[in-house]
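Trainee: Provided below are the primary sequence and the corresponding predicted coordinates.
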Amino acid sequence: MKLSEDRILYLARESLNRLRAEGLADIPNFPLALRRGREVITQWLERGDRVDAAVRRKIASLKRGVVEGSSEWQILYRRYREEELRKKGPK
């Protein structure tokens, strides 16, 4: 998924503000936490893109031509995505 730098910054800032407002985190150095939050969101998005690409390649490699958007394609996408996420483990 592609998000603009502004959107990533917004998500990081809102996440930190909510953590602070709900008393779930004490953030003494907000700029540093914001920078780290942006990095984490970016890494998460990149991982999702890699998994998506691997799943799409796997579906495309099937001998029977599965049409993207069909119910069979969606079922295969979900199944293969879960497999890829299990293989890669939490990060």
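Mentor: Ah, there it is.

Trainee: Three-state assignment for Glu68, please.
Mentor: coil (DSSP: H, G, I helix; E, B strand; the rest coil).

Trainee: quick check on it: phi, psi?
Mentor: phi -60, psi 130 (degrees, to the nearest 10).

Trainee: got the buried residues for the helix ranked longest in the chain?
Mentor: Longest helix of the chain, by residue count under DSSP state H: helix 30-60. Applying a neighbour-count criterion of 16 or more other CB atoms under 10 Å, one finds Ala33, Leu34, Gly37, Arg38, Ile41, Val51, Ala54, Val55, Lys58, Ile59 buried in helix 30-60. All C-beta atoms are positioned from the backbone trio N, CA, C, and that covers glycine.

Trainee: likewise for stretch 14-21?
Mentor: Applying 16+ other CB under 10 Å to stretch 14-21 flags Ser15, Leu16 as buried.

Trainee: need the contact partners of that stretch.
Mentor: Residues outside stretch 14-21 that contact it (CB atoms under 8 Å, 6 or more residues apart in numbering): Leu24, Ala25, Asp26, Ile27, Phe30, Ala33, Leu34, Gly37.

Trainee: at 10 Å instead, please
Mentor: Contact partners of stretch 14-21, identified using CB atoms under 10 Å, 6 or more residues apart in numbering, comprise Leu24, Ala25, Asp26, Ile27, Phe30, Ala33, Leu34, Arg36, Gly37, Val40, Ile41.

Trainee: perfect, that will be all.
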